[in-house]
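Engineer: Below is the sequence, then the predicted model.
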Amino acid sequence: MAEWFIVLSSALWFGVLTSISPCPLASNIAAVSFLSKQVDTPAQSISMGLFYCVGRMLSYILLAALLLYTATSAPRLSSFLQTQMNVIIGPILIVVGGCLLGWISLPTSNWSISHRLQKSLAGQGKLGALSLGSLFALSFCPTSAALFFASLLPLIIAQQSSLLIPSIYGFGTAIPVLMVALLLQFGSLKVASFYQKVTQVEMLARMASGGVFLLAGGFYCWLYIVPMLLG
């Protein structure tokens, strides 16, 4: 029970940290602002925001399921991950810490959703909002790529969970998005000021998380890799 609490709490925090990173945050604010202009009532606006968030969650679940299936369907890879996870998790955590601190940059996709496609999907109502969220979720920047592929994926493989863990991660990415939708609807959000404040919070959270990842990675390396090298 304690292990699952740590795993799910980590997945939730990875999701929140992903969502408030500058690149996803900017696209989320733009998407939710755009969607809110397509409807007339607060309930409709919040509903569109919810469907946008559900779309993001579905993309993460499907991607996690595909990656988990790929990892477990290859016998050699599956055996290696099951027996050597404790050995490789240390270097992985160090790499993620380096990414969060800006020392390492992972290659990511450069594709983006055109304004024309965004406008077309936004005009399709709830299904369009869900589709827009699904597409934006797959547009990884260096920070979100490090958090999903190098942090969340090892948890998914270790726990053999392609539904619960990515769902919690997706929910974490949805929390700031829903806050933006609510604040926009009630007219209490000045986008530029909000973005600046959240970016400052994100930088502090990312630096603190990066330090924790480095310490945890060093601890795992000390426990599992150093004895192998000395032996």
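Structural biologist: In hand now; what should we look at? Owing to the predicted nature of the structure, the values given are computational and were not obtained by experimental measurement.

Engineer: Could you tell me how many residues sit around the residue nearest to I94 when sequence neighbours are not counted?
Structural biologist: Excluding its sequence neighbours, the residue lying closest to I94 (Cβ to Cβ, 6 or more residues apart in numbering) is G217, at 3.6 Å. From N, CA and C alone the C-beta is placed, and that goes for glycine too. As a burial measure, G217 scores 20 neighbours (other Cβ atoms under 10 Å).

Engineer: Show the model's pLDDT score for Q118.
Structural biologist: Here the pLDDT value assigned to Q118 is 66.

Engineer: Only the buried residues of stretch 12-27, if you could.
Structural biologist: 12-21, 24-25, 27 (16 or more other Cβ atoms under 10 Å).

Engineer: can you tell me which helix in the chain is longest?
Structural biologist: For the chain, the longest helix by residue count, based on DSSP state H, is helix 42-73.

Engineer: Nearest to L130, out of the buried residues of stretch 12-27: which one, please.
Structural biologist: Set against L130, the nearest of those by Cβ to Cβ is S27 (15.8 Å).

Engineer: How about the contacts made by the closest one?
Structural biologist: Contacts were defined as Cβ atoms under 8 Å, 6 or more residues apart in numbering; by that measure S27 touches 136, 139.

Engineer: Check F80 too.
Structural biologist: Contacts of F80 by Cβ under 8 Å, 6+ apart: none found.

Engineer: Point me to the helix or strand that includes it.
Structural biologist: Assigned by DSSP states H and E, F80 belongs to helix 75-100.
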